[in-house]
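Got a predicted structure plus its sequence, pasted below:
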Amino acid sequence: MRISLIVIGLLMSVGLCAQYRDAGLWLDVSASHELNKRLEVSLSPEIRLNQNMTQWSRLFADVGAEYKMDKHFSLHAAFRGGWGNDGIHVDPRRRWQTGFSVRHKWDDFSVQWLSRAQYTAVGALSDTDADFVTLWRNRMSVKYTGLKRTDLATSFELFNSMGRYQELALQNWRWIAQVSRKITKKQSVVLGYLIQRDLTKSPRAMDYVLLLSYKVEL
């Protein structure tokens with residue numbers, strides 16, 4: 001707990017030094033289904049608001065699959081398609097992701113490392129959105145399931161360039177804290193908070209985003 005507070009404090013101190021800040025809201029609905037004991041597929045439409053929640057910036061849907069090799073190791077693939085809005089133009093956005101995750105559980109705690117290569121299929125050339133440009137993403141997350149019908153989770157993710165001239169250069173970082181509450185055995189709502197910094201913009205941008213999600217297992 002002490003380490004977590006120190007990390008949060010450091011991230012907040014970085015945020016205070018940022019030159020540009022924006023408050024956002026991301027809303028999504030996620031449906032997943034296990035085809036068998038190893039393979040799970042999902043569909044997740046989402047809308048994102050920026051400019052202090054006054055303008056929609058992204059509207060898209062994810063189609064994903066997870067294949068569990070064993071209780072620790074999984075393979076992941078996903079496609080995202082939708083539109084981006086910069087306040088003047090509305091343009092299509094497309095991306096692919098492939099990767100793997102390693103997960104380990106101790107009693108009520110679990111730790112996961114998720115590594116993904118992300119490839120732009122369609123997007124604006126000037127777009128610096130870390131969720132749509134070509135990048136290598138690595139996320140470490142911790143989850144606590146010891147509370148009745150309520151799970152707590154936090155994660156920290158790094159986004160590194162895969163370009164020829166900026167190979168592995170840090171482009172963005174993102175921290176998320178979430179609380180998930182079970183409504184029924186297969187339905188839950190998630191409330192979260194996200195802080196991220198885009199290192200490619202000038203002035204460098206800090207985003208503070210409220211996350212609201214509804215999840216259902218089919």
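Looks like it came in fine. Numbers count the residues shown, from 1 in each chain.

mind listing the strands for this protein?
20-34, 39-50, 55-68, 73-85, 90-106, 109-122, 135-147, 150-161, 170-182, 187-198, 205-217 (DSSP state E).

and the second one, which strands flank it?
Taking DSSP bridges as the criterion, strand 39-50 forms sheet pairs with strand 20-34 (antiparallel), strand 55-68 (antiparallel).

who does the closest residue to Gln196 other than its chain neighbours bridge with?
Using C-beta to C-beta, 6 or more residues apart in numbering and skipping residues adjacent in sequence, the residue nearest Gln196 is Arg174, 4.0 Å away. The C-beta positions use only the backbone N, C-alpha and C, and glycine is treated the same way. Under DSSP bridges, the beta-bridge partners of Arg174 are Glu157, Gln196.

same thing with Arg95?
Arg80, Thr120.

circling back: ok, the residue nearest to Gln196 to His104 distance?
From Arg174 over to His104 the distance is 22 Å, taken as C-beta to C-beta, to the nearest Å.

So which of those two has more stuff around it?
Arg174 (20 against 11; other C-beta atoms under 10 Å).

By mean pLDDT, point me to the weakest helix or strand of the protein.
helix 2-16 (a mean of 46; mean pLDDT, DSSP states H and E).

How about the contacts made by the nearest residue to Arg58 once chain neighbours are set aside?
Excluding its sequence neighbours, the residue lying closest to Arg58 (C-beta to C-beta, 6+ apart) is Arg48, at 4.1 Å. Contact analysis of Arg48 by C-beta atoms under 8 Å, 6 or more residues apart in numbering lists Gly24, Leu25, Trp26, Leu27, Trp56, Ser57, Arg58, Leu59, Val209.

I figured the second one hits Thr54, correct?
What that stands for is Leu25. No - using C-beta atoms under 8 Å as the test, Leu25 is too far from Thr54 to be in contact (10.0 Å).

ok, these two, which is more surrounded?
Neighbours were counted for Leu25 and for Thr54 using other C-beta under 10 Å; Leu25 has more, 15 against 8.

so who does the more buried one touch?
Arg48, Leu49, Met53, Val209, Leu210, Leu212 are the contacts of Leu25 under C-beta under 8 Å, 6+ apart.

ok, how many other residues are close to the second one?
The local packing count at Leu49 equals 18, with neighbours defined by other C-beta under 10 Å.

Ok, the fifth one next?
Residues lying near Leu210 (other C-beta under 10 Å) number 15.

Would you mind listing where this protein has pLDDT under the threshold?
Counting by pLDDT under 70, the low-confidence segments of the chain come to 1-20, 123-127, 164-166, 202.

and if we set it to 50?
In the prediction, the chain carries residues with pLDDT under 50 at positions 3-8, 10-18.

For beta bridges, what are the partners of Asp28?
Residues in beta-bridge contact with Asp28 (DSSP bridges): Glu46, Ser213.
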